[in-house]
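Participant: heads up, no residue letters with this:
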Ligand SMILES: O=C[C@H](O)COP(=O)(O)O
């Protein structure tokens, strides 16, 4: 499974990139708002992310509401850098926008996916990536992992004729909150997990690893002082 980072914070992206594990970046309007960024700086900020992550996909989300505006914004975003992926929320307006952008060779990440039919529609419209949300489903008392597994199974049953030559459409496990979400996504063969930096750090650590490190260091101190 590939790790993406779910953030627009440049320091977090730089640090995760330095770990050598990063296969992509996803952002959304809320994550950009968290950086304190202004509307006029949005495209420049996305360009900075693409500068840090030159060879991996960087999702920049459209906030347009009509198909025409989504296509226009999608083209503008895609022109920022070759690795930009246009993120569109699943809705009636975004399906034709996704289809148009896909036929122009522009990659779309269809987001806010909460059901298998939504995912199948996104794939049929030419989405390169499909992002089912796990955590937000669980916030409503639903089984986010079961929903993710249904999406993975349904989407992988078919070919869609757009991105198969580069392994698409790929499923991005989104709204990830815990290392357990990552394990569950990998167990079912989800292609990608996009993980916020705090949760990514939790994936590195384990209490027994930390305990083991402390005891090795203490024992090595004895060797040094012997
Ligand atoms: O945009 C996609 C994010 O993965 C959503 O994550 P969140 O539910 O933690 O805001």
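Facilitator: That came through fine. On a predicted model such as this, the values are computed, not experimentally measured, just so you know.

Participant: Just give me the residue right at the centre of the chain.
Facilitator: residue 194 (3.8 Å; CA atoms, centre = their mean).

Participant: ok, residue 199 touching residue 179?
Facilitator: Yes - if you go by CB atoms under 8 Å, residue 199 and residue 179 touch, sitting 7.0 Å apart. Just so you know, the C-beta spots here come from the backbone N, C-alpha and C atoms, and that holds for glycine as well.

Participant: and the longest helix along the chain, how far from the chain's centre?
Facilitator: In the chain, with assignment by DSSP state H, the single longest helix is helix 207-225. Centre-to-centre, helix 207-225 and its host chain are 37 Å apart (CA atoms, centre = their mean, to the nearest Å).

Participant: Same question for stretch 99-113.
Facilitator: 14 Å.

Participant: so how far does that stretch reach from one end to the other?
Facilitator: End-to-end distance for stretch 99-113, by CA to CA, to the nearest Å: 17 Å.

Participant: Check stretch 128-138 too.
Facilitator: Separation of the first and last residues of stretch 128-138 by CA to CA is 25 Å.

Participant: Now it: average pLDDT?
Facilitator: Mean pLDDT, computed over stretch 128-138, is 97.

Participant: Could you confirm whether that stretch reaches the ligand?
Facilitator: Yes - residues of stretch 128-138 contacting the ligand under CB under 6 Å from any ligand atom: 133, 135, 136.

Participant: and the last one, that's in a strand?
Facilitator: So that's residue 136. No - checked against DSSP: H, G, I helix; E, B strand; the rest coil, residue 136 lies outside a strand; its state is helix.

Participant: picking up where we left off before, helices or strands next to the longest helix of the chain in the packing?
Facilitator: If contacts are counted by 3 or more CB pairs under 8 Å, 6 or more residues apart in numbering; DSSP states H and E, helix 207-225 sits against no helix or strand.

Participant: ok, which stretches of the chain are strands?
Facilitator: 2-6, 22-26, 58-61, 84-89, 108-113, 129-132, 170-173, 192-195 (DSSP state E).

Participant: Could you quantify the relative orientation of the first one and strand 108-113 as an angle?
Facilitator: Meaning strand 2-6. 70 degrees (axes from the mean of the first three to the mean of the last three CA atoms, to 10 degrees).

Participant: Sheet partners, orientation included, of strand 2-6?
Facilitator: strand 22-26 (parallel), strand 192-195 (parallel) (DSSP bridges).

Participant: buried set for the first one?
Facilitator: It stands for strand 22-26. Residues of strand 22-26 classed as buried: 22, 23, 24, 25, 26 (neighbour count, 16 or more other CB atoms under 10 Å).
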